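Asker: for reference, the sequence and a predicted model appear below.
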Amino acid sequence: MTFIPTEPIGSIPRSAKLIQAIRAFDTGSLEQHEMEELFDEATQETIQKFIETGSPVISDGEQRKNHNFADYAVHGLPNFAPDGFQIRFQNHTRVWPRITAGPFRYQLRGDTILEKAMRQTKMPLKQAVISPSALSLFYPAQDIPSYPREAFIEDIIREHSSEVRACLKLGAHTVQIDFTEGRLAFKIDPSGDLLTRFIQLNNLALEGFTPEERTRIGIHTCPGGDKDSTHSADVDYAELLPSLFEMNVGRFFIEMAHEREPERVLKLIGKLLKPGQRAYVGVIDVLNPQIETPEIVRDRVLEAAKFIPASQLGTTDDCGYCPFCDDTSTTRDTAFAKIRARVEGTLMAAKSLGL
């Protein structure tokens, strides 16, 4: 039987209880073992609600990434300061941490998160991890004398590759590399040089993986999604996608439902997609509080199928829901209702296409 695969991106909004607990832990009001118990509880509840949507592939909702999707690996380490690279969204600014001394080492790894989630379900689980190019933004503009940039780059490649490999070994259905900085790179540097360096760095970290392993590795791109705003939606996808499809991965998770000209972008994807690659197009606008109907999703999938072969087409959400833990712009109920619509609408589209 042929079908159209569908997967989430990663994060699910945290409950008010979990957000309050994270704040208490940060101030020292909660012990580590207490926080772990709350993470277990939040993960179990999230997995159960995911299963109820009918989603064939689920995630743990990134409940254990106690601050955000990007700095989970280093949050709280003594060789990091809070005043690093600034990402300007439409209505606010996020600040990346800044490494102050070497070596760069992960404190929390995606495979550790995955292993704990796998104790709670037999469902296919995907694990999202941060990209080497995003990690590279942790290094300051001025070199650290005792820790040159070259040594830092070697460290992030080793840590990232080890994390991805361990997730695959555990049996992750998909390992998704979050690359939200891809579109942002062109906004920072319109020459495209920064984007090229980002792609080269990410491919360097992927060098040791086999073709079969790469079919289970994906890259996610979006213009950011935080507090109902973006950081680079004004950058034309045409500036990013030709470089994106040079990434040595098998799956591409591409924000699309929020795009103003989806047909033009879908045509471009159809031209760029190579044999052995699959494009998972976003059919759910996570920044819009209105819950899509399955029929809306069906129509978005059928539109994508005009330009992308069904054998290379998949569906996803545009982005994670509330990838920063303090974002309460979307409720958990809304997120799961949207996911259910994605699952049902994708099935409807597959039937319409005779799959």
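Answerer: Nice, I can see it.
Asker: low-scoring stretches of this protein, by residue?
Answerer: Residue ranges of the chain with pLDDT under 70: 1-2.
Asker: all helices of this structure, in order?
Answerer: Shown for the chain, the helices assigned by DSSP state H span residues 16-26, 32-52, 110-118, 132-136, 149-170, 181-188, 193-205, 211-214, 237-244, 262-272, 294-305, 332-352.
Asker: mind putting those helices into JSON lines with mean neighbour count?
Answerer: C-beta: built from backbone N, CA, C; applies to glycine. Formatted as JSON lines, the helices of the chain follow (neighbours: other CB atoms under 10 Å):
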{"stretch": "helix 16-26", "mean neighbour count": "16"}
{"stretch": "helix 32-52", "mean neighbour count": "16"}
{"stretch": "helix 110-118", "mean neighbour count": "21"}
{"stretch": "helix 132-136", "mean neighbour count": "24"}
{"stretch": "helix 149-170", "mean neighbour count": "18"}
{"stretch": "helix 181-188", "mean neighbour count": "23"}
{"stretch": "helix 193-205", "mean neighbour count": "19"}
{"stretch": "helix 211-214", "mean neighbour count": "14"}
{"stretch": "helix 237-244", "mean neighbour count": "18"}
{"stretch": "helix 262-272", "mean neighbour count": "17"}
{"stretch": "helix 294-305", "mean neighbour count": "20"}
{"stretch": "helix 332-352", "mean neighbour count": "20"}
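Asker: out of those, nearest to Asp228?
Answerer: helix 332-352 (11.8 Å; CB to CB).
Asker: angle of the closest one against helix 294-305?
Answerer: 50 degrees (axes from the mean of the first three to the mean of the last three CA atoms, to 10 degrees).
Asker: show me the contact partners of helix 332-352.
Answerer: For helix 332-352, the surrounding residues in contact (CB atoms under 8 Å, 6 or more residues apart in numbering) are 2-4, 6, 8, 12-13, 15, 49-50, 52-56, 283-284, 286, 289, 291-298, 300-302, 305, 315-317, 321-322.
Asker: now the angle between helix 262-272 and the longest strand seen in the chain, please.
Answerer: Taking DSSP state E as the criterion, the chain has its longest strand at strand 278-284. Orientation of strand 278-284 against helix 262-272 (the same axes, to 10 degrees) gives an angle of 170 degrees.
Asker: so what does strand 278-284 touch, helix or strand wise?
Answerer: Contacts defined by 3 or more CB pairs under 8 Å, 6 or more residues apart in numbering; DSSP states H and E place strand 278-284 against strand 251-254, helix 262-272, helix 294-305, strand 313-317, helix 332-352.
Asker: just the CA trace of it, in PDB.
Answerer: Provided in PDB are the C-alpha atoms of strand 278-284 (Å, rounded to 0.1, in the frame of the first residue of the first chain):
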ATOM      1  CA  ARG A 278      11.500  13.400   0.200                       C
ATOM      2  CA  ALA A 279       9.900  16.800   0.800                       C
ATOM      3  CA  TYR A 280       7.600  17.100   3.800                       C
ATOM      4  CA  VAL A 281       5.600  20.200   3.200                       C
ATOM      5  CA  GLY A 282       4.100  22.200   6.000                       C
ATOM      6  CA  VAL A 283       0.300  22.000   5.800                       C
ATOM      7  CA  ILE A 284      -0.400  23.400   9.300                       C
END
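Asker: next, the angle from it to strand 313-317.
Answerer: With the same axes, to 10 degrees applied, the angle from strand 278-284 to strand 313-317 works out at 40 degrees.
Asker: noted, bye for now.
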